[in-house]
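S.K.: For reference, the sequence and a predicted model appear below.
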Amino acid sequence: MPLEEAVKLFGGAEISEVRAISEKEEVIVEGGPVSGPEHPLVDLLSSFRSSLNAMDHEGTTISQGFIQEEKSRSLLWKIEKERAYASENCPSCAKSLSVQVTFETATLQTEKIPAARLRLEALAREVQESYCHHQHTALMTYYQIEDLVYMTIQSGMGEIREALSLLLQAMRLSDGASEVYSASLQRWVVALAAKLLYTRDLRHLIFLIHHLFRQNRSVRWASRVLRVQVTDVCSAARAIALLELILARPGLETAVECTEELVEGWEEVGRSGEGSAVGEGLLRERDALALLRALPLRQLLAKMALFNRSDIESTEEHEWGDGSGGHGVLKAACGARALLAVLQRAVHAHAHYARLQRELTELCACALQLDIESTEEHEWGDGSGGHGVLKAACGARALLAVLQRAVHAHAHYARLQRELTELCACALQLVAALHLRSR
């Protein structure tokens, strides 16, 4: 069966629905906020940012003023070096003893005290009139935004989406701003996004995902608010489509280098040492890993395999079944192909992310894994008179051909080479076992 037909059979309507919503929401996100400068958040955010910047500037000025004050304070004292000599005979041996002592004396120059007092008063006045003023303005603006965000959360979804767009736009343009400003924006964005996604509306989730692609700071915070449920085959198909949207989409035309000034700040580099973390407009590796781990992958695989519980290891044999006369098993096989196709594109899209590659490879293995080792002898059989064994042998040969090409394509990946070699060994064992069976 061609891949397109397999995807259509598994959940073509649901996957097409996600793609259609994605196209519509991407246009909305690219258009930006629709409210314009009359939205109260615009003035409040501008005032908050300018007040924090003024605080940083005044704080630097005041620090320099204190340093100068320390230097001028030392000039109030006149330091002079003096020497003292003493000579005396020892009372016990009558020998002459001489002692020379060098010491410093400090004399307060009282005529310089009025000028020093004026400088100190000017510095204190600058702290009160400049720094404290900007600090007060920043605090007042912060609590005004807090109240506005709280009121927005109590309102409709349209108002939440608009406020979220404004805050995410401000976050994207926050390079060079105070770290307090960025942290505050993230706090408000998380609060609004959590409320927006609480309704479990697919449109709002995709709306947020498209905003994440346009951020130039870390978006790991989004993993705390992503809400995706997999309760049946239809929701499993939507989850696969979301996985494709997050990890397998083409890169954006423009990209911004990492500018996070953090202790744990980092950037992916290529083999030549050149930066490549966001060179193709893709998510950073840690962001992609966080979003991948936020998806209910265990539930996705369990539903695809027709299990009722996500913890497959604790599932009893009687809890598994296909009441549709085999149609569910066919859809599960098609779902596995659809998931593997998405993961393959994700691997190619993030070829320079080693850790993400490992997680995607493990997910591929889980989608393909069959517990052959626990199978009893009597459970194996070919009811087609040998035709099934022939098809299995042909399939093993096809798998070996694919693995051989993969080995040559990734000759510089040592760990991947080892895993592919182990998979080749398993395929060869299968060929040998089938040969013995056919005899």
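M.R.: Received it, and whenever you're ready, just let me know what you need.

S.K.: a helix runs through Val99, doesn't it?
M.R.: No - assignment of Val99 by DSSP: H, G, I helix; E, B strand; the rest coil gives strand, placing it outside any helix.

S.K.: Pull the number of nearby residues for it.
M.R.: Neighbours of Val99 under the rule other Cβ atoms under 10 Å: 9. (C-beta placed from N, C-alpha, C; glycine too.)

S.K.: so it touches Tyr85, yeah?
M.R.: Yes - counting by Cβ atoms under 8 Å, Tyr85 is a contact partner of Val99 at 7.2 Å.

S.K.: And for Arg227, the neighbour number?
M.R.: Residues within reach of Arg227, counting by other Cβ under 10 Å, total 16.

S.K.: Return the residues in contact with it.
M.R.: Residues in contact with Arg227 (Cβ atoms under 8 Å, 6 or more residues apart in numbering) are Leu197, Tyr198, Arg200, Leu205.

S.K.: And for Leu164?
M.R.: Val189, Leu192, Ala193, Leu196, Leu208, His211.

S.K.: Where does it fall, secondary structure wise?
M.R.: Using DSSP states H and E, Leu164 falls within helix 157-172.

S.K.: CA atoms only: put that helix into PDB for me.
M.R.: This file holds the C-alpha atoms of helix 157-172, laid out as PDB (Å, rounded to 0.1, in the frame of the first residue of the first chain):
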ATOM      1  CA  MET A 157     -10.500  33.500  24.000                       C
ATOM      2  CA  GLY A 158     -10.200  36.300  21.400                       C
ATOM      3  CA  GLU A 159      -8.900  38.700  24.000                       C
ATOM      4  CA  ILE A 160      -6.400  36.100  25.300                       C
ATOM      5  CA  ARG A 161      -5.100  35.400  21.800                       C
ATOM      6  CA  GLU A 162      -4.600  39.100  21.100                       C
ATOM      7  CA  ALA A 163      -2.800  39.700  24.400                       C
ATOM      8  CA  LEU A 164      -0.700  36.600  23.900                       C
ATOM      9  CA  SER A 165       0.300  37.900  20.400                       C
ATOM     10  CA  LEU A 166       1.400  41.200  21.900                       C
ATOM     11  CA  LEU A 167       3.400  39.600  24.700                       C
ATOM     12  CA  LEU A 168       5.100  37.100  22.400                       C
ATOM     13  CA  GLN A 169       5.900  39.900  19.900                       C
ATOM     14  CA  ALA A 170       7.500  41.900  22.800                       C
ATOM     15  CA  MET A 171       9.400  38.700  23.900                       C
ATOM     16  CA  ARG A 172      10.700  38.300  20.300                       C
END
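
S.K.: next SSE after it?
M.R.: Counting by DSSP H and E, what follows helix 157-172 is helix 179-198.

S.K.: from the contacts of Arg227, which is closest to Ser47?
M.R.: Taking Cβ to Cβ as the measure, Ser47 lies nearest Leu197 of these, at 29.1 Å.

S.K.: Hmm, Leu226 and the closest one touching each other?
M.R.: Yes - between Leu197 and Leu226 there is a contact under Cβ under 8 Å: 7.0 Å.

S.K.: shared neighbours, the two?
M.R.: Looking at what touches both Leu197 and Leu226 (by Cβ under 8 Å, 6+ apart), the common residues are Leu205.

S.K.: quick one, which of those two is more surrounded?
M.R.: For Leu197 versus Leu226, neighbours defined as other Cβ under 10 Å are more numerous around Leu226 (21 against 18).

S.K.: for that one, helix, strand, or coil?
M.R.: coil.

S.K.: list the contacts for the residue nearest to it when sequence neighbours are not counted?
M.R.: Ranked by Cβ to Cβ, 6 or more residues apart in numbering and with sequence neighbours excluded, the top spatial neighbour of Leu226 is Ala294, at 4.3 Å. Counting by Cβ under 8 Å, 6+ apart, Ala294 makes contact with Ala222, Ser223, Arg224, Leu226, Val228.

S.K.: Just put those in a markdown table and tack on pLDDT and distance to Gly328.
M.R.: Below are the contacts of Ala294 laid out as a markdown table (pLDDT from 0 to 100; distance: Cβ to Cβ, whole Å):
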| residue | pLDDT | distance to Gly328 |
| --- | --- | --- |
| Ala222 | 90 | 34 |
| Ser223 | 89 | 32 |
| Arg224 | 89 | 34 |
| Leu226 | 88 | 28 |
| Val228 | 87 | 22 |
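
S.K.: got the buried residues for the helix or strand Gln144 falls within?
M.R.: Assessed by DSSP H and E, Gln144 sits inside helix 132-153. For helix 132-153, burial by neighbour count (16 or more other Cβ atoms under 10 Å) applies to His134, Gln135, Thr137, Ala138, Thr141, Tyr142, Gln144, Ile145, Leu148, Val149, Thr152, Ile153.

S.K.: go on, stretch 160-174?
M.R.: 160-171, 174.

S.K.: Check stretch 75-88 too.
M.R.: So for stretch 75-88, counting by 16+ other Cβ under 10 Å, buried means Leu76.

S.K.: what sits against Leu356?
M.R.: Glu285, Ala288, Leu289, Leu292, His350.

S.K.: where do the strands sit along this protein?
M.R.: 77-89, 96-108 (DSSP state E).

S.K.: I figured Leu297 was touching Glu362, is that so?
M.R.: No - Leu297 is beyond contact range of Glu362, at 9.8 Å (criterion: Cβ under 8 Å).

S.K.: which one of these two has more residues nearby?
M.R.: Neighbours per residue (other Cβ under 10 Å) separate Leu297 from Glu362, with Leu297 holding more: 21 against 11.

S.K.: Quick one: the contacts of Ala294 as TSV, columns for distance to Leu45 too.
M.R.: Output for the contacts of Ala294, formatted as TSV (distance: Cβ to Cβ, whole Å):
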residue	distance to Leu45
Ala222	20
Ser223	25
Arg224	22
Leu226	25
Val228	30
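
S.K.: show me where pLDDT drops low in the stretch 251-400 of the chain?
M.R.: The model of the stretch 251-400 of the chain has pLDDT under 70 over residues 251-282, 308-327, 368-400.

S.K.: rerun that using 80 as the cut-off
M.R.: Residues of the stretch 251-400 of the chain meeting the criterion pLDDT under 80: 251-284, 301-333, 349-352, 364-400.
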